[in-house]
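[1] Using only what follows, build the 3D model:
(one chain, ligands or ions: 1)
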Amino acid sequence: MRRRLAILTSGGDAPGMNAAIRAAVLVGSDLGFSVVGVRSGYQGLIDADFIDLGPDDVIDAIRRGGTLLGSARCPAFRTREGRDTARRRLADARLDSVVVIGGNGSLAGARALADPEELGRQALSVVGIPASIDNDIGHTRLAIGVDTAMNTIVEACDKIADTAAAHDRAFIVEVMGRECGYLAMATSIAAGADVVLFRESGKSTDTLVGEVTDALVELRSKGRRRAMIIKAEGVQVSADGLKSRVDGALASRGIAVETRVTVLGHIVRGGRPSATDRLIATRLGHAAVRALAAGQTRVMAAWSPGRLPAGARWSSADPRCALIDLDEVLAETARLLDVASPEAQWRAKVFDEMGPVLRL
Ligand code: F6P
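    Below you'll find the predicted structure:
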């Protein structure tokens with residue numbers, strides 16, 4: 001009997017999700033699956049909101065940001081009852097395979113959906129694909145959406161730098177990332193920022209205010225006309241709160257620097273996916289469906305060129321993609337956010353040491 005594949009996107013959308021859907025539809029169709037899309041993430045599973053998808057439906061999707069299937073956060077899916085309903089809907093529609101495209105919450109949902117104890121005798125295979133602008137998912141070098149988000153931030157910062165220089169101003173630019181400082185760190189280099197602030201440094205607000213103030217004084221003494229501070233969303237103090245504390249500290253030192261705040265917010269999540277995101281998403285979509293066809297379940301297809309994470313195996317379909325158990329992905333994600341993994345510790349250390357270099 002023909003196998004049937006469901007594809008869903010869940011959590012915050014990320015540019016490139018459509019490219020992953022497209023690849024899953026094309027590869028799935030080629031391998032003989034009949035493919036449906038699930039609208040609105042896990043809520044659509046619970047509501048059996050399915051649409052048939054064939055190559056003609058997705059062929060141009062590679063160019064579009066957002067997700068053509070829609071996304072949602074779904075509290076009902078966190079309950080056993082919600083998941084049982086979702087599994088019943090899948091069984092009723094004879095869907096035996098699911099690709100879940102999304103961030104940490106979505107991947108935790110994928111693991112729960114395919115929990116052997118909860119599944120009982122139902123035959124259901126689930127493979128995850130990491131998609132989140134935050135780059136906070138364990139064991140994937142890049143998640144889908146990160147590259148486009150970085151480009152959007154850099155473009156915005158270039159524009160801000162023009163007006164900052166024209167008015168001799170210092171800008172605090174806040175970027176998304178939830179609890180993860182990756183976007184702030186990476187774009188501080190690419191945008192030529194003077195200071196980067198991220199939660200993983202573990203520094204108190206007082207320390208951050210002191211460091212920003214010192215940096216602005218230093219830049220003024222060097223005759224620099226503009227300053228840019230990139231602040232990760234996860235840093236406890238708000239951008240406005242930071243501005244007012246820094247303004248106070250500068251005033252008390254008799255230094256006149258005009259400061260402004262720009263919170264980039266959801267602008268960072270939208271837009272046409274970059275070439276890199278299209279490529280990564282397509283290759284992960286391909287690897288994920290091949291994994292399902294080969295009988296894999298409860299794994300994530302990770303973008304992992306040149307480095308096989310511990311406990312992972314290479315995808316037989318793509319030498320840059322690894323397949324990793326979702327348990328291990330979620331454990332590594334927790335370590336990343338707790339700054340307990342070597343990767344997270346390296347990021348925090350390097351960017352701390354790099355502070356003075358940014359202002360040379
Ligand atoms: O996880 C992606 C993300 O854009 C985060 O960077 C941000 O904190 C959050 O989602 C915003 O969520 P919402 O769109 O629900 O406000």
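
[2] For the ligand, give me its nearest residue in the stretch 101-250 of the chain.
    Distances between the stretch 101-250 of the chain and the ligand by Cβ to the nearest ligand atom are smallest at M176, namely 3.4 Å. All C-beta spots, glycine's among them, are computed from the backbone N, C-alpha and C.

[3] give the contact list for that residue.
    By Cβ atoms under 8 Å, 6 or more residues apart in numbering, M176 lies in contact with I133, D134, A149, L183, E233, L264, G265, H266, V268, R269.

[4] Show me which of these are buried.
    Neighbour counting by 16 or more other Cβ atoms under 10 Å classes I133, D134, A149, L183, E233, L264, V268, R269 among the contacts of M176 as buried.

[5] Can I get the residues you listed in CSV including distance to the ligand, secondary structure and pLDDT?
    Converted to CSV, the buried ones among the contacts of M176 look like this (distance: Cβ to the nearest ligand atom, whole Å; DSSP: H, G, I helix; E, B strand; the rest coil; pLDDT from 0 to 100):
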residue, distance to the ligand, secondary structure, pLDDT
I133, 6, coil, 98
D134, 5, coil, 98
A149, 9, helix, 98
L183, 8, helix, 98
E233, 6, coil, 98
L264, 10, coil, 98
V268, 7, helix, 98
R269, 5, helix, 98
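
[6] Need the max-distance pair from the residues you listed.
    Across these, the longest distance by Cβ to Cβ is 13.6 Å; it joins D134 and L264.

[7] is it true that V261 touches E174?
    Yes. Using Cβ atoms under 8 Å, V261 is in contact with E174, at 7.3 Å.

[8] Comparing the two, which shows the higher neighbour count?
    Higher neighbour count among V261 and E174: E174, with 23 against 17, using other Cβ atoms under 10 Å.

[9] Assumed the more buried one was part of a strand.
    Yes. If the criterion is DSSP: H, G, I helix; E, B strand; the rest coil, then E174 is within a strand.

[10] who's it bridged to?
    Here E174 sits in beta bridges with K231, V263, going by DSSP bridges.

[11] and it, what is it in contact with?
    With Cβ under 8 Å, 6+ apart, E174 has these contacts: K231, A232, E233, A239, V261, T262, V263, L264, G265.

[12] repeat that for 10 Å
    184, 197, 229-233, 235, 238-240, 242, 261-265, 268 (Cβ atoms under 10 Å, 6 or more residues apart in numbering).

[13] The closest residue to R272 other than its chain neighbours is in what secondary structure piece?
    Nearest residue to R272 in three dimensions, chain neighbours excluded: G65, at 5.5 Å (Cβ to Cβ, 6 or more residues apart in numbering). For G65, there is no host helix or strand (DSSP states H and E).

[14] Would you confirm that G65 contacts M17?
    Yes. Judged on Cβ atoms under 10 Å, G65 makes contact with M17 at a distance of 8.5 Å.

[15] any common contacting residues for those two?
    Joint contacts of G65 and M17 (Cβ under 10 Å, 6+ apart) are G145, P273, D277.

[16] how far away is the first one from S106?
    For G145, the distance to S106 under the criterion Cβ to Cβ, to the nearest Å works out to 13 Å.

[17] Give me the more crowded residue out of these two.
    For G145 versus S106, the count of surrounding residues by other Cβ under 10 Å is larger for G145: 31 against 27.

[18] The more buried one: what's it in contact with?
    12-17, 20, 65, 103, 130-135, 268-269, 271, 273-274, 277, 280-281.

[19] Check T85 too.
    T85 touches L45, I46, D47, A48, A76, F77, T79, counting by Cβ under 10 Å, 6+ apart.

[20] next one: phi and psi at it?
    phi -60, psi -50 (degrees, to the nearest 10).
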